[in-house]
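S.K.: mind looking at a prediction? Sequence and model below.
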Amino acid sequence: MSGFRVGVNTWVWTSPLTDGDLARLVPRVAGWGFDVIELPIEQPGDWDPHRAAGLLARHGLAASVVLVMPPGRELVAAPDGTVKETQDYLRHCVDAAVAVGSPVIGGPAYASVGRTWRMSAEERRAAYAELRRNLRPVAEYAAERGVRIAVEPLNRYETSLINTVEQALDALPEGCDLALDVYHLNIEEKDPAQAVRAAAGRVAHVQVCGTDRGTPGEDRFDWPGFTAALRETGYAGPLVIESFTAHNQSIATAASIWRPLAPTQDDLATRGLAFLRTL
């Protein structure tokens, strides 16, 4: 039984990511034995994709790219100008993914994180129809460049639009796939493994962490069942550790990280890597 490639998101240590951070982190991440480093694009220009590509090549690391949806990035229930700016941002993420060789851009490509509002069934259908219209041109742009858009359901406290795999499959246009995050699955899905099976053929990216958003494996999540479901459905991408540092005020507040989740952030990454290798 072959193992999954394992990655880690730079949010474990820093936000926003910069060229200097990458120069510091890439050799360490490669030296620990990770296969993939995940690169968030908080603002275009924070880091140089072409410089990053050369650095990754020198250290033998693959990349995944994640999009970021702060207030003001919206594809639903927003002014036309806001939607266009969001689409342009997502196209920039696609271009960066091409530069670093990431097969995906993953994240909640629909509404800003933390934005919630009540919807009737009819209003939700209308919102999903609007999302399909506004995501479709970006998905086409990505497909032309060999990149998959992986849309991430978030938990109920971070969005009211797409919380479950079932909702995502209903909401997304053809050509858009799913990014599954164990943290959100554990909150919203009655059976995370079954949710994976429901998304068979559409899972383009997987992020992992402990159920407290800390070290994967140091929790009570059914990791064997979850990874068995990924194998059954043919998922061939990496398992990428996504957690956050409590020492950065902006990201700690955004992710509700009020205390350290491991003795050190390095421990979170390396112990998580060791556990994921056992799967």
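M.R.: The structure has been received and is ready for your questions.

S.K.: ends of stretch 252-264, what's the gap?
M.R.: Start to finish, the residues bounding stretch 252-264 are 15 Å apart (C-alpha to C-alpha, to the nearest Å).

S.K.: oh, I was asking about stretch 170-188
M.R.: Distance between the boundary residues of stretch 170-188 (C-alpha to C-alpha) amounts to 16 Å.

S.K.: can you check stretch 159-166 too?
M.R.: The distance separating the two terminal residues of stretch 159-166, taken as C-alpha to C-alpha, comes to 15 Å.

S.K.: now stretch 101-116
M.R.: This stretch, stretch 101-116, spans 34 Å end to end (C-alpha to C-alpha).

S.K.: what does stretch 57-75 give?
M.R.: 34 Å.

S.K.: so how far is that stretch from its chain's centroid?
M.R.: Stretch 57-75 has its C-alpha centroid displaced from the chain centroid by 8 Å (C-alpha atoms, centre = their mean, to the nearest Å).

S.K.: same question for stretch 45-58.
M.R.: In terms of C-alpha atoms, centre = their mean, the centre of stretch 45-58 is set 19 Å apart from its chain centre.

S.K.: average pLDDT across it?
M.R.: Model confidence over stretch 45-58, given as mean pLDDT, is 98.

S.K.: ok, and what's touching that stretch?
M.R.: 16-19, 21-23, 26, 37, 39, 41, 62-63, 95-96, 99-101 (C-beta atoms under 8 Å, 6 or more residues apart in numbering). For the C-beta atoms, the positions are set from N, CA and C on the backbone; glycine is no exception.

S.K.: could you list the low-pLDDT ranges of the stretch 151-279 of the chain?
M.R.: Using pLDDT under 70 as the threshold, the predicted model of the stretch 151-279 of the chain has no low-confidence range.

S.K.: just the buried members of the contacts of stretch 45-58?
M.R.: Applying 16 or more other C-beta atoms under 10 Å to the contacts of stretch 45-58, the neighbour count classes 16-17, 21-22, 26, 37, 39, 41, 62-63, 95-96, 99-101 as buried.
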